[in-house]
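Enquirer: fold the following.
(2 chains)
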Amino acid sequence: MRDRRENPIPVILYKAFAYGFGGLCVIYLVAPIVIALTMSFTSGQTLKYPPQGFSLRWYAALLDPVRSATEHIAAWNSLKIAGLAVLGSLIFAVPATIGMTRMKRSTAGTIEPLLLAPLVLPSLVYGLAALIVANFIGFKPSLWLTVSGHVVVFGPLMYRAASVVAQGLNPSLAEASTTMGASWFMTLRRVTLPLLMPGILAGAFLVFIQSLDNVSVSLFLADARTTVLPLRMFALIEESLDVRVAAISGILIAVTLVGLLVARRVLAPPRQA
Amino acid sequence: MKASGFPYVLPMLLLSVAFFATPLAVLVGFSFAGPGGATLEHYARFFGDAFNFRVLVNTARLGLETVIGTTLLGVPIALLYWHGGRNLRQVLIFLTLIPMLTSNVVRTFAWIVILGRQGPISEALVGLGLTGMPTSLLFTELGLVMAMCQIDLPLIILPLIAILSRTPVQLTEAAQVSGAGPWRIFVTVLLPLMLPGLLAGWILVFASTSSSFVTQAVIGGARNVYVPQLIYREVGTLFDWPLASAIAVVLLLSTGCLLVALTMMSRHRRLVGHA
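Expert: As a prediction, this is how the structure comes out:
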């Protein structure tokens, strides 16, 4: 390599590509988030960008209980649904995670695709299917129907996050606990669950975020009274391009950022690759 | 002693069968439902209408264009990750997760601002003297593809990053010592390494694009109709549930076929190497 004259131009071009173009692509990835965030502080009436001036008027308009009553109801519904979806996925997915580690590899391998299948299917198709069945049984679209839909569609996220941790666990820890005389419940509470906690928290975060953002399941399964936040935003955008959408976006971006920072703190793996 | 795990798995399994598999089976059944037994009438109606067929083709094209766009944007980011030190790598992961975890509607909203008549693109075009008056890319397929590419970009970056973070640097160093230039290393070593990640990403991007209801509706506008809106219209406005089911099955099958094809490709040893 040293004895040959290297042509420096391809190397320079490559560096420009990897660092320059790569950097531009990162900007493409992040800029829209920054733009939505800065837009929410505009003092103007329209979505003109760059914003005309700085103000908090759209946040004030959003917090105003009279002007934004519908948005408040929608946000509250979304939080309720997301919270219940997390609870539901805890109840179903965490035991499944524990059970899978106790099964024969081949059996677990057959069952797992069944549990993960909802992640692959377009949730719009699932929403329609669930609506048809609910209609057959005589259930009307409602908050509870929406929650059950979210548990089915996002529960697998909890399962996947927790099972990544579960597979790394040493099964002899639980065995040691039972051998030392701890009851089944004691072992679960003091050994297994604390060890699974990082996966469970990551799963809860993912389920919560996805449920909060979901449109296609709620579109079919929520009734008119249970408007959810993303659907309300969708309506605001379609009807009038209300700048309050920018304020809602600002809040959601802030929540995501905080959640991500906390998640990094809490869930940071002990060893860095 | 190994306690049986089955009782623990049973609740989720039942949930999956009763609330997921059964509705899907009913949906498929519904799409064949006729007054006098099974019928292909709804499929015939769907494919018989030139408009519907064009919608299907448009949706596939949108998915394909987004796959190409995200690849062109994702590979350079993966390259940046590969050459970056520990800090840069962590920053890149963080910057990828922020948009991914930010609500889809928020990201769509951001693109309304960007593509609109008063947005930065329009301002730049006017500023450069390329167009005399403000231009909007809203309600165009170009605008939609630009937005979809950004929205789905994390889905292709994350699998690439996952692979590259497991790959030892010595691999490219060996190629370098053997006298290969950086472009050659990129094409013959790095790209083949990335291929399994790209395949995984393509599946996710295509599936996500072809069913992204809100973004398609808002940025594509009324003139560019895609399959999800077609389904929603049949359900919500026209109350033609059997036809909606048939369209859903077609969407499912076409995404499913692509998924199977890509999965088989990723198992192909000569193509992907023996990773």
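
Enquirer: the stretch 51-200 of chain B: helices as residue ranges?
Expert: Taking DSSP state H, counting those that start in this stretch, the helices of the stretch 51-200 of chain B run over residues B:86-101, B:104-115, B:120-127, B:141-166, B:170-177, B:182-185, B:191-210.

Enquirer: is any part of the first one close to chain A?
Expert: Yes: part of helix B:86-101 sits near chain A under the criterion Cβ under 8 Å from any Cβ of the partner chain, namely B:86, B:92, B:94-99, B:101. In this view, the C-beta of every residue, glycine as well, is placed from N, C-alpha and C.

Enquirer: again with the third one
Expert: Yes: contact check for helix B:120-127 against chain A, using Cβ under 8 Å from any Cβ: residues in range are B:120, B:123.

Enquirer: sorry, back to before: tell me the most buried of the helices of the stretch 51-200 of chain B?
Expert: With neighbours taken as mean count of other Cβ atoms under 10 Å in any protein chain shown, those reach their highest mean count in helix B:104-115, at a mean of 25.

Enquirer: okay, now whichever residue of the stretch 101-250 of chain A sits closest to chain B: neighbour count?
Expert: For the stretch 101-250 of chain A, the residue closest to chain B is residue A:102, as judged by Cβ to the nearest Cβ, at 3.0 Å. Counted with other Cβ atoms under 10 Å in any protein chain shown, residues neighbouring residue A:102 total 18.

Enquirer: how near is the residue lying closest to it once chain neighbours are set aside to residue A:151?
Expert: Using Cβ to Cβ, 6 or more residues apart in numbering or on different chains and skipping the chain neighbours, the partner closest in space to residue A:102 is residue B:5 (3.0 Å). According to Cβ to Cβ, to the nearest Å, residue B:5 stands 21 Å off from residue A:151.

Enquirer: between those two, point out the one with more neighbours.
Expert: residue A:151 (27 against 21).

Enquirer: tell me which helix or strand that one sits in.
Expert: Secondary structure assignment for residue A:151, by DSSP states H and E: helix A:143-167.

Enquirer: what residues sit buried inside that helix?
Expert: A:143, A:145-163, A:165-166 (16 or more other Cβ atoms under 10 Å in any protein chain shown).

Enquirer: circling back to that earlier point, which residues does the residue nearest to residue A:102 contact?
Expert: Taking Cβ atoms under 8 Å, 6 or more residues apart in numbering or on different chains, we find residue B:5 in contact with A:98-103, A:108.

Enquirer: export these to CSV and tack on secondary structure and distance to residue A:207?
Expert: Shown next, in CSV, are the contacts of residue B:5 (DSSP: H, G, I helix; E, B strand; the rest coil; distance: Cβ to Cβ, whole Å):
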residue, secondary structure, distance to residue A:207
A:98, helix, 18
A:99, helix, 19
A:100, helix, 18
A:101, helix, 21
A:102, coil, 24
A:103, coil, 24
A:108, helix, 22
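
Enquirer: near chain B, which residues of the stretch 151-273 of chain A?
Expert: Proximity of the stretch 151-273 of chain A to chain B, by Cβ under 8 Å from any Cβ, involves residues A:151-152, A:155, A:159, A:175, A:209, A:212-213, A:215-216, A:219-220, A:230, A:233-234, A:237-238, A:241, A:245-246, A:248-249, A:252-253, A:256-257, A:259-260, A:264, A:272-273.

Enquirer: can you rerun that using 7 Å?
Expert: With Cβ under 7 Å from any Cβ of the partner chain as the criterion, the stretch 151-273 of chain A meets chain B at residues A:152, A:155, A:159, A:209, A:212-213, A:215-216, A:219, A:230, A:233-234, A:237-238, A:245, A:249, A:252-253, A:256-257, A:260, A:273.

Enquirer: for PyMOL, write the select line for the buried members of these.
Expert: Selection of buried members from these for PyMOL, criterion 16+ other Cβ under 10 Å:
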select buried, chain A and resi 152+155+159+209+212+213+215+216+219+230+233+234+237+245+249+252+253+256+257+260
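
Enquirer: which residues are contacting stretch B:29-43?
Expert: Residues from elsewhere that reach stretch B:29-43 (Cβ atoms under 7 Å, 6 or more residues apart in numbering or on different chains): A:132, B:241-243, B:245-246, B:249.

Enquirer: now with 10 Å, please.
Expert: Stretch B:29-43 is contacted from outside by A:128-129, A:132-133, A:136, B:23, B:26, B:46-48, B:240-250, B:252, using Cβ atoms under 10 Å, 6 or more residues apart in numbering or on different chains.

Enquirer: give me the buried subset of those residues.
Expert: Using 16+ other Cβ under 10 Å, the buried ones in the contacts of stretch B:29-43 are A:128-129, A:132-133, B:23, B:26, B:46, B:241-250, B:252.

Enquirer: which single one of the residues of helix B:86-101 next to chain A is nearest to residue A:59?
Expert: Nearest to residue A:59 among these: residue B:98, at 20.6 Å, using Cβ to Cβ.

Enquirer: picking that back up, which elements pack onto the helix holding residue A:151?
Expert: Contacts defined by 3 or more Cβ pairs under 10 Å, 6 or more residues apart in numbering or on different chains; DSSP states H and E place helix A:143-167 against helix A:69-101, helix A:105-120, helix A:123-137, helix A:193-213, helix A:216-221, helix B:6-16.

Enquirer: tell me the contacts of the closest residue to residue B:143 other than its chain neighbours?
Expert: Nearest residue to residue B:143 in three dimensions, chain neighbours excluded: residue B:137, at 3.5 Å (Cβ to Cβ, 6+ apart). Listed by Cβ under 10 Å, 6+ apart, the contact set of residue B:137 reads B:111, B:114-117, B:119, B:121-122, B:125, B:143-144, B:146-147, B:219.

Enquirer: which of the helices and strands packed on helix A:143-167 sits closest to residue B:72?
Expert: Minimum separation from residue B:72 across the helices and strands packed on helix A:143-167 (Cβ to Cβ) falls at helix A:105-120, 25.2 Å.
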